[in-house]
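Trainee: got a sequence here, can you model it:
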Amino acid sequence: MQPELVTVLLWGTLTAGERSLLRGGREEVVLAVRQAYDDSLRQELTAAVEGHTGQHVLAFLSDSHLEPDIAIEVFVLARRAKTSRPPPARIERAPRAAGERCLGPAARRGGRGNAQPGMIVPNSCV
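Mentor: Next up, the predicted model:
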């Protein structure tokens, strides 16, 4: 575990429309739209992480993998000065139940800011 990283790993994020595009061989369209979403939400997501951690975000990195359906968001935090202050609480992620469906990208991106330190949330809610 790296104290200067906040990593969010999401499984099963493809929407029905994205799956349809993939069946039609349009992988580049799906990835381009996802990148556009990330670019448009960069400031909002960065502000949410800074608010939860109390640390400045130096960089936001995001990528999607289509098969298997996995997305990752990584926030690189500024290093803290050496203090006696404890690190922020870790947000635990509960395993998904068998057959549980994940939220699509629009819904999951809107729900990320709801996780609070010390909460246990399903992966599809972050």
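
Trainee: scan the chain for its longest helix.
Mentor: helix 27-53 (DSSP state H).

Trainee: buried ones in whichever helix or strand comes after that one?
Mentor: Counting by DSSP states H and E, the element after helix 27-53 in chain order, helix or strand, is strand 57-65. Buried residues in strand 57-65, counted by 16 or more other CB atoms under 10 Å: 57, 60, 62, 64. All C-beta spots, glycine's among them, are computed from the backbone N, C-alpha and C.

Trainee: buried set for the next helix or strand after strand 57-65?
Mentor: Remark: after strand 57-65, the chain's next helix or strand is strand 70-77, criterion DSSP H and E. Within strand 70-77, the residues that qualify as buried are 71, 73, 75, 76, 77, counting by 16+ other CB under 10 Å.

Trainee: show me what strand 70-77 is in contact with.
Mentor: With CB atoms under 8 Å, 6 or more residues apart in numbering as the contact definition, strand 70-77 has outside contacts at 3-11, 13, 34, 38, 45-46, 49, 53, 55-65, 105, 112.

Trainee: and which of the buried residues of strand 57-65 is nearest residue 22?
Mentor: residue 64 (11.5 Å; CB to CB).

Trainee: distance-wise, check that closest one relative to residue 52.
Mentor: 23 Å (CB to CB, to the nearest Å).

Trainee: could you do residue 44 as well?
Mentor: From residue 44 to residue 52 the distance is 13 Å (CB to CB).

Trainee: do the same with residue 35
Mentor: 24 Å.

Trainee: those two: which is more packed in?
Mentor: Legend: neighbour count by other CB atoms under 10 Å for residue 35 and residue 52, higher for residue 52 (17 against 13).
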